[in-house]
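1. Everything below, folded, please.
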Amino acid sequence: MPHAITALILPGPIDTDAVHTWDLVPVPLNNGLTLFHLTHYYTAYWQAVHGVTDRFDLPRQAPGLFPSEGVIATIAADLSARTDPTFALVFTDYFGGVGEQWAAVSNDGRAVRSVNTINEALRAIGIIAAPGSDEFDTTGLADHRSTPDYLERYVDLCDELGV
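-> Got it, this is the predicted structure:
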């Protein structure tokens, strides 16, 4: 069974007004986390709309579909109602146990840094694995296997903007 998502994960309470402003759907996870599905088209669109030019400094081996737009930090700040948000950005692309994952994390508004695994990113934002489990399963990420269809409209929106 495939597992292919790109998502922003935030700890703590979420500002519901910001959820609507950014056209996102919150997905509650375990341990007080909220997942927001993203795509590289979604982040490219909002980057262009808001005129943000900065990008995360990711290693060359980061997947091409991994969002690196600086607007993600703005989105995380608005959603968490904090100027110094802690967040993880995760990417999976697996089918039949073969594939890749990637993750980046920001702690308290500091620079976004890539990490080796999603479990490492979850640990970096305060998640402790339940006995006999890992952080991925502890948070319930395994239950969210694909990107929702509602984000597909951002492909056309990017085309309209020439992004």
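2. At which residues are the strands of the chain located?
-> 3-11, 26-28, 33-37, 87-95, 98-106, 113-115 (DSSP state E).
3. which strands and helices sit next to the third one?
-> Identification of packing neighbours for strand 33-37 by 3 or more Cβ pairs under 8 Å, 6 or more residues apart in numbering; DSSP states H and E yields strand 3-11, strand 26-28, helix 71-80. To be clear about C-beta, it is placed using only N, CA and C from the backbone, and glycine gets the same treatment.
4. Run the chain-centre distance for the first one.
-> Its chain's C-alpha centre lies 4 Å from the corresponding centre of strand 3-11 when counted by Cα atoms, centre = their mean, to the nearest Å.
5. now for that strand, which elements pack on it?
-> Counting by 3+ Cβ pairs under 8 Å, 6+ apart, strand 3-11 packs on strand 33-37, helix 71-80, strand 87-95.
6. Looking at the ones you listed, which is nearest to residue 48?
-> Closest to residue 48 of these, according to Cβ to Cβ: helix 71-80, at 8.8 Å.
7. which stretches of this structure have low pLDDT?
-> 1-3 (pLDDT under 70).
8. try 80
-> 1-3, 59, 61, 63-64, 94-98, 108-111 (pLDDT under 80).
9. ok, now which ones touch residue 108?
-> Residue 108 makes contact with 84-86, according to Cβ atoms under 8 Å, 6 or more residues apart in numbering.
10. one more time with 6 Å, if that's ok
-> By Cβ atoms under 6 Å, 6 or more residues apart in numbering, the contact list for residue 108 reads 84, 86.
11. any idea how far residue 34 is from it?
-> Plainly put, residue 108 is 17 Å away from residue 34 if you go by Cβ to Cβ, to the nearest Å.
12. Also residue 80?
-> Where residue 34 is concerned, residue 80 sits at a distance of 9 Å (Cβ to Cβ).
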